[in-house]
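[1] show me the folded form of this:
(one chain, ligands or ions: 1)
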Amino acid sequence: MTDLTTAWARVLEGANLARSRRIASLFGAEPGRLVRLSVEAAGLAMDLSKQPWSLTDLEACLDLARAADIEAARGRLFAGEVMNPSEGRAVLHMALRAPKGAGYKAEGQPVSAEVEAMRGKMAAFATAIRSGERRGATGKPIRSVVHVGIGGSDFGPRLVWDALRPLAPQIEVRFVANVDPAEMALALTGLDPAETLVVVVSKTFTTQETMTNATTARAWLRGALGPAADAQLVAVSAAPAVAQAFGVPADQVFGFWDWVGGRYSVWSSVGLSCVIGLGPEVFDALLAGAAAMDDHFQGAPLERNAPVLLALAHVFNRNGLGRPVRAVVPYAQRLHLLATFLQQLEMESNGKQVTAQGKPVAHATAQAVFGDAGTNVQHAFFQMMHQGTDVIPTDIIAVRHAGEGDPAAQLILNSNAIAQAEALMVGRPESEVRAELAGKGLSAAEIDVLAPQRTFPGDRPSAFILLDRLGAGELGALLALYEHKTFVEGVLWGVNSFDQWGVELGKTLATRVLGELKGGAQGDHDPSTAALIARLRPGS
Ligand code: F6P
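    Here you go, the predicted structure:
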């Protein structure tokens with residue numbers, strides 16, 4: 001087997017050659033390209049042929065995956081070994097979505113039975129709420145859920161709800177993440193406390209924003225309903241005792257485990273609000289879609305493995321071609337939060353400068369991810385995507401069948417998805433623009449000015465991911481695809497993808513600054529920070 005350093009060198013050498021050829025030229029040079037770079041997995045179809053790699057580069061990338069021993073790392077992950085060494089934890093979100101009877105173990109301890117029991121408790125609770133069998137403190141049925149949580153305790157459930165919510169939900173779910181009081185005020189507006197369940201979601205149950213918001217929401221319930229309001233207070237946490245100490249009745253605390261990372265937790269009881277709002281069947285379908293992707297990731301050979309191939313394509317751009325930013329553009333309004341979800345998944349997981357052994361990484365890590373729904377973004381940042389000085393690779397996600405509404409509009413939507421991917425790659429040569437302008441009778445001087453402005457350099461890569469429809473199963477598979485892709489990248493870069501020490505310093509300093517804003521003695525700060533504290537002190 002090629003050693004890791006040599007494998008990396010081959011990938012980087014290949015990428016250097018890629019700089020001097022065009023992606024579009026590879027289709028002629030490599031007759032099998034489209035087939036070789038198209039893969040189906042768990043109901044998703046992925047086309048990586050509009051990427052800058054040649055089939056030789058693909059081989060070099062696969063050699064890199066072999067040299068990094070992706071298969072062994074994957075084996076350790078699924079076997080429940082400690083994959084998050086800085087926190088001494090296994091990483092087993094796959095156990096949360098496995099079919100009944102799976103035998104997952106975390107560090108040798110069986111977990112699947114507990115997972116199934118918790119899934120059963122969630123389904124029973126949600127069903128009782130949805131049927132009206134379980135009501136609020138005054139006997140009114142529950143019509144709204146206010147989900148309070150942040151980061152991994154928010155992005156996943158918010159995305160799932162947004163993507164799958166019925167047009168006229170029986171129970172509406174609203175989300176409050178930010179400690180900005182405006183978000184809470186907006187979420188509570190128009191809700192009847194007697195008909196509202198507050199679900200506080202926090203793995204640690206200590207997160208400043210969530211505890212602040214939970215206290216506000218609890219006061220809102222208690223203010224209207226008195227102490228009986230606690231019957232409408234629910235907690236989801238890996239620290240159930242802390243949740244109970246907050247006042248949540250023990251049978252309304254839904255636990256999960258330290259082997260579930262926050263950004264990988266939507267499949268756990270963190271998804272409770274979605275189970276209540278969407279129904280257990282929909283949530284089960286979400287889990288089943290993700291489980292199908294787990295099977296694919298575990299079973300498919302590297303060269304046909306969708307998460308592995310997507311990771312390698314992104315790494316080829318990131319490391320081979322020095323592209324630190326990637327756009328994610330779902331042509332599905334229901335997926336408009338996907339990029340936000342992926343920001344945490346990818347950037348919190350792999351935005352690291354040292355390896356899991358504490359040594360500097362040998363290669364740049366993580367791409368900054370941004371995006372929103374197409375076609376809207378075509379009227380926002382696509383100018384830069386097509387003609388900016390930087391090449392920004394794009395993941396385009398499209399859905400074949402519309403879930404609702406006018407099928408003709410869906411065709412327009414999909415035509416845009418396809419056309420943008422084509423335009424990004426093919427571009428429009430200056431010669432063609434010049435000929436067109438000459439045909440319109442413009443002078444040579446005018447053409448000299450206008451033609452460069454109307455030229456599209458092209459050669460801008462995209463990955464195209466196609467869902468047959470945007471159902472719960474497809475969504476589960478899509479999210480699991482990105483989870484495993486992120487894991488593969490983390491192995492290639494040698495980082496621990498499952499800790500997040502980089503979020504700690506800001507939290508600590510915010511606590512200190514808060515004390516000073518509240519009138520405590522001003523600490524030692526740089527002049528800029530000191531001036532801001534002085535300005536924002538109440539009464540200043
Ligand atoms: O953003 C930092 C972080 O620790 C995330 O990893 C986590 O998802 C989020 O905060 C929320 O944490 P908790 O669920 O413990 O409130």
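
[2] got the phi/psi numbers for Ala106?
    In terms of degrees, to the nearest 10, the main-chain angles of Ala106 are phi -110, psi 120.

[3] isn't it up against Val115?
    No: at 10.2 Å, Ala106 and Val115 do not qualify as touching, with contact defined as Cβ atoms under 8 Å. Glycine gets a C-beta too; all of them are placed from N, C-alpha and C.

[4] so what sits against both of the two?
    Any residue near both Ala106 and Val115 by Cβ atoms under 8 Å, 6 or more residues apart in numbering counts here, and that gives Ala95.

[5] for the closest residue to Pro452 other than its chain neighbours, give me its contacts.
    Taking Cβ to Cβ, 6 or more residues apart in numbering as the measure, Pro452 lies nearest to Glu430, with 6.5 Å between them; neighbours along the chain are not counted. With contact set as Cβ under 8 Å, 6+ apart, Glu430 has these partners: 451-452, 455.

[6] dump the residues you listed to TSV, plus distance to Ala327.
    Putting those into TSV (distance: Cβ to Cβ, whole Å) gives the following:
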residue	distance to Ala327
Ala451	27
Pro452	24
Thr455	21
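
[7] which residues touch the residue of the stretch 401-540 of the chain found nearest the ligand?
    The minimum distance from the stretch 401-540 of the chain to the ligand, using Cβ to the nearest ligand atom, falls at Val503 (4.1 Å). With contact set as Cβ under 8 Å, 6+ apart, Val503 has these partners: Glu348.

[8] before we move on, what about Val426?
    Shown in contact with Val426 (Cβ under 8 Å, 6+ apart): 24, 458.

[9] for Ala163, see how far away it is.
    Remark: distance between Val426 and Ala163 (Cβ to Cβ, to the nearest Å) = 31 Å.

[10] burial count for Ala177?
    Other residues near Ala177 come to 21 when the count uses other Cβ atoms under 10 Å.

[11] and the pLDDT for it?
    Reading off the per-residue confidence, Ala177 sits at a pLDDT of 98.

[12] just checking, it touches Glu209?
    Yes: between Ala177 and Glu209 there is a contact at 7.0 Å, judged by Cβ under 8 Å.

[13] okay, and the common contacts of those two?
    With contacts taken as Cβ under 8 Å, 6+ apart, the residues that reach both Ala177 and Glu209 are Ile150.

[14] about what we covered before: export the contacts of Glu430 to CSV and tack on neighbour count and pLDDT?
    Rendered in CSV, the data for these read as follows (neighbours: other Cβ atoms under 10 Å; pLDDT from 0 to 100):
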residue, neighbour count, pLDDT
Ala451, 20, 98
Pro452, 12, 98
Thr455, 17, 98
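
[15] okay, and which of these map to helices?
    Among these, the members found in helices (DSSP state H) are 451-452.

[16] which residues touch stretch 307-315?
    11, 37, 39, 41, 46, 48, 51, 53, 58, 61-62, 64-65, 70, 293, 296-297, 302-303, 326, 367, 393, 461, 463, 481-489, 492.

[17] mind running it again at 7 Å?
    Under the criterion Cβ atoms under 7 Å, 6 or more residues apart in numbering, residues 39, 46, 48, 51, 53, 61, 65, 70, 297, 302, 326, 367, 463, 481, 484-485, 488-489, 492 lie in contact with stretch 307-315.

[18] put the alpha carbons of that stretch into PDB.
    What follows is the C-alpha trace of stretch 307-315 in PDB, where atoms were taken according to Å, rounded to 0.1, in the frame of the first residue of the first chain:
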ATOM      1  CA  PRO A 307     -19.600   9.600   1.300                       C
ATOM      2  CA  VAL A 308     -16.000   8.600   0.500                       C
ATOM      3  CA  LEU A 309     -16.200  10.000  -3.100                       C
ATOM      4  CA  LEU A 310     -17.900  13.200  -2.000                       C
ATOM      5  CA  ALA A 311     -15.200  13.700   0.700                       C
ATOM      6  CA  LEU A 312     -12.400  13.000  -1.900                       C
ATOM      7  CA  ALA A 313     -13.900  15.500  -4.300                       C
ATOM      8  CA  HIS A 314     -14.100  18.200  -1.600                       C
ATOM      9  CA  VAL A 315     -10.500  17.400  -0.500                       C
END
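
[19] measure how far that stretch is from the centre of its chain, please.
    Stretch 307-315 has its C-alpha centroid displaced from the chain centroid by 16 Å (Cα atoms, centre = their mean, to the nearest Å).

[20] quick one: average confidence on that stretch?
    For stretch 307-315, mean pLDDT rounds to 98.

[21] same check on stretch 272-288?
    Stretch 272-288 shows a mean pLDDT of 98 in the predicted model.

[22] once you drop chain neighbours, what's closest to the closest residue to the ligand within the stretch 301-450 of the chain?
    Nearest to the ligand, among the residues of the stretch 301-450 of the chain, is Glu348, at 5.9 Å (Cβ to the nearest ligand atom). Nearest-residue entry for Glu348: Gln500, 5.0 Å, with adjacent residues in sequence omitted and distances by Cβ to Cβ, 6+ apart.

[23] Leu345 is in contact with the one you found, correct?
    No: when contacts are counted by Cβ atoms under 7 Å, Gln500 is not listed as touching Leu345 (11.4 Å).

[24] near the ligand, which residues of the stretch 151-300 of the chain?
    With Cβ under 6 Å from any ligand atom as the criterion, the stretch 151-300 of the chain meets the ligand at residues 151-153, 202-204, 207, 210, 262-263.

[25] make that the chain, sorry
    On the criterion Cβ under 6 Å from any ligand atom, the ligand has as its neighbours in the chain the residues 150-153, 202-204, 207, 210, 262-263, 348, 500, 503.

[26] quick one: which of those has the most company?
    Of all these, Ser202 has the most neighbours under the rule other Cβ under 10 Å, reaching 29 neighbours.
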